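A.B. asks: Please work out how this folds:
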Amino acid sequence: MFLKDKKILIGITGGIAAYKVYELIRILTKEGAKVKTVLTPSALDFVSPTVLSTLTSNVPYWEWDYKNPLVHIDLAKWCDVFLIAPATVNTISKLALGIADNLLTATWLACDKPKIVAPAANTVMFKNPAVQENLKKLQKWGVEIIPTQKGLLACGDLGEGKLADINLIRDYLVKAQTPQRWKGKKVLITLGATKEYLDPVRFISNGSSGKMGLALAKAIFYQGGKPILVAGDTKVEIPEWFETVRVETTQEMLEACLDIFPSVEAVFMNAAVTDYKFEKTYQNKLKKKEKELIVKLVPTPDILTQLGKLKRNQILVGFAVETQSLVENALKKLRKKNLDAIVVNPSKVMGSDTYEGFLITKDSLVEEIKKPTKEEAALYITQRVAEIFFNPRG
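C.D. replies: Numbers count the residues shown, from 1 in each chain. Here you go, the predicted model:
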């Protein structure tokens, strides 16, 4: 979706993690990206040119030949983004020193497109001061360095240096080609459903999946921001690389939001908060009886209202689900809760992959949103919020 028709050049070096590039290529091509590969000579010990050619529908490159002595220039001009994954400490050091002793490093020096490096190494090697200094130098030059994972390494050690998750690498490729409207900004995003317990095993909640909240988090990441998630019950898996606070009840979500709120520039309150809780709760499981059980419900804390009272310079965006009079009801909530904007959608959107609704601002701007996926809707919403509140002329 976001990578359709994008030209991605993947540099592969001689590390054991090179086999994971096969899966990365499969993900990228499935999304419609065009992929070419350039290898160091030692990478041939870890990946097959035949497999790479089959997966990408393009021949891999690892050496010059008399037919095309300028292949490094051609590859550099062809791509929209240049990723090296895995990047060994040897190649990282060459990139930092401007050494062009093979086709991959020569292509790197000839390329003026966005560049990304995904390191993979033994923990001791990765933490070596020389390697860390070289990574800092590349970052200073504008190269994105994808953080390594902690885990069991090929050498048998347990520690940092493992190649980043393939899906995170994919997200960095999207980020490299997305305008950085949220660069450097911390953003609080709530998602999922809260639960209100009657006893230790019974509760009331709702059908929120958390899909839209996760899509918002990714959209903020793509645009250079740092999403901080407060998540209730979700049906989507939240990637481990997102800073996440897990909660169950509305009160717990409120406390988490109040703790994080002073440190962020914006809030997207996407969680489907359970509006009522049981007035009386039980420490032990209630036994079923023949007679009816009558319970009384009381309101849960209104998180948005409390944040609206506390906000100073933060941008506060609410989300609402309505079954009728969407715009009118949303405007009432926006004004009552002191929001900067609100996104309202019909109830049929909950749990769905598609998205429709309206973006409404405190100045009564109303924009209809209709997107084939929640990911596209999230990117549009976050883009418009940034344009309206951080760059009004944009």
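A.B. asks: Next one, pLDDT for Val321 please.
C.D. replies: Per-residue pLDDT puts Val321 at 85.
A.B. asks: Oh, that last question was meant for Gly351, not what I typed.
C.D. replies: Reported pLDDT for Gly351: 65.
A.B. asks: quick one: secondary structure of the residue nearest to Ala271 when sequence neighbours are not counted?
C.D. replies: Leaving aside its chain neighbours, Ala271 sits nearest to Thr190 (3.7 Å; criterion: Cβ to Cβ, 6 or more residues apart in numbering). For the C-beta atoms, the positions are set from N, CA and C on the backbone; glycine is no exception. Assigned state for Thr190: strand (three-state reduction, DSSP: H, G, I helix; E, B strand; the rest coil).
A.B. asks: For the stretch 251-394 of the chain, give me the ranges with low pLDDT.
C.D. replies: 350-351, 392-394 (pLDDT under 70).
A.B. asks: Please look at Val131 and Thr123 and confirm they touch.
C.D. replies: No. Contact criterion Cβ atoms under 8 Å: Val131 and Thr123 do not qualify, at 11.0 Å.
A.B. asks: Got the confidence number for Leu152?
C.D. replies: Leu152 carries a pLDDT value of 66.
A.B. asks: Please identify which of Val131 and Thr123 sits among more neighbours.
C.D. replies: Set side by side, Val131 and Thr123 show more neighbours around Val131, with 21 against 17, by other Cβ atoms under 10 Å.
A.B. asks: Find the helix or strand that that one is a member of.
C.D. replies: helix 129-140 (DSSP states H and E).
A.B. asks: Domain-wise, how is the chain divided?
C.D. replies: Listed by automatic domain parsing, the domain ranges of the chain are 7-175, 186-389.
A.B. asks: how far does the shortest one sit from the chain's center?
C.D. replies: If I follow you right, that is domain 7-175. Remark: domain 7-175 is offset 21 Å from the chain centroid, using Cα atoms, centre = their mean, to the nearest Å.
A.B. asks: how near is the closest residue to Gly308 other than its chain neighbours to Ile260?
C.D. replies: Take Gly308 and drop its neighbours on the chain: the residue closest to it by Cβ to Cβ, 6+ apart is Asn338, 3.3 Å away. Computed as Cβ to Cβ, to the nearest Å, the Asn338 to Ile260 distance reads 18 Å.
A.B. asks: center of this structure - which residue?
C.D. replies: The chain has Lys218 as the residue nearest its centroid, 2.8 Å off, counting by Cα atoms, centre = their mean.
A.B. asks: pretty sure it is touching Glu376, no?
C.D. replies: No. Between Lys218 and Glu376 there is no contact under Cβ under 8 Å: 11.2 Å.
A.B. asks: that older thread, which residues does the residue nearest to the centre of the chain contact?
C.D. replies: When contacts are counted by Cβ atoms under 8 Å, 6 or more residues apart in numbering, Lys218 touches 171, 227, 375, 378.
A.B. asks: Contact partners for the third one?
C.D. replies: Residues near Glu375 by Cβ under 8 Å, 6+ apart: 1-2, 215, 218-219.
A.B. asks: can you rerun that using 6 Å?
C.D. replies: Ala215 (Cβ atoms under 6 Å, 6 or more residues apart in numbering).
A.B. asks: now the second one
C.D. replies: Neighbour list for Pro227: 187, 189, 217, 220-221 [criterion: Cβ under 6 Å, 6+ apart].
A.B. asks: thinking again about what came up before, so what's the residue count around the residue nearest to Ala271?
C.D. replies: 30.
A.B. asks: from memory it sits against Gly232, does it?
C.D. replies: No. Thr190 is beyond contact range of Gly232, at 7.7 Å (criterion: Cβ atoms under 6 Å).
A.B. asks: Overlap in contacts, these two.
C.D. replies: In contact with both Thr190 and Gly232: Ala271, using Cβ under 6 Å, 6+ apart.
A.B. asks: what are the phi and psi angles of the closest residue to Ser42 other than its chain neighbours?
C.D. replies: Spatial nearest neighbour of Ser42, excluding adjacent residues (Cβ to Cβ, 6+ apart): Gly14 at 2.9 Å. Main-chain torsions, Gly14, degrees, to the nearest 10: phi -80, psi 70.
A.B. asks: Report the separation between Gly14 and Ala87.
C.D. replies: Distance of Gly14 to Ala87, computed by Cβ to Cβ: 11 Å.
A.B. asks: which residues in the stretch 151-300 of the chain form strands?
C.D. replies: 158-162, 186-191, 196-197, 203-204, 226-231, 243-246, 266-269, 276-278, 297-299 (DSSP state E, counting those that start in this stretch).
A.B. asks: Just put those strands in TSV and tack on distance to Val47.
C.D. replies: Shown next, in TSV, are the strands of the stretch 151-300 of the chain (distance: least, Cβ to Cβ, whole Å):
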stretch	distance to Val47
strand 158-162	18
strand 186-191	38
strand 196-197	52
strand 203-204	50
strand 226-231	34
strand 243-246	34
strand 266-269	41
strand 276-278	56
strand 297-299	59
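A.B. asks: Contacts only, for the residue nearest to Ser42.
C.D. replies: 40, 42-43.
A.B. asks: I figured Gln359 hits Leu365, correct?
C.D. replies: Residue 359: Leu, not Gln. No. Leu359 is beyond contact range of Leu365, at 7.8 Å (criterion: Cβ under 6 Å).
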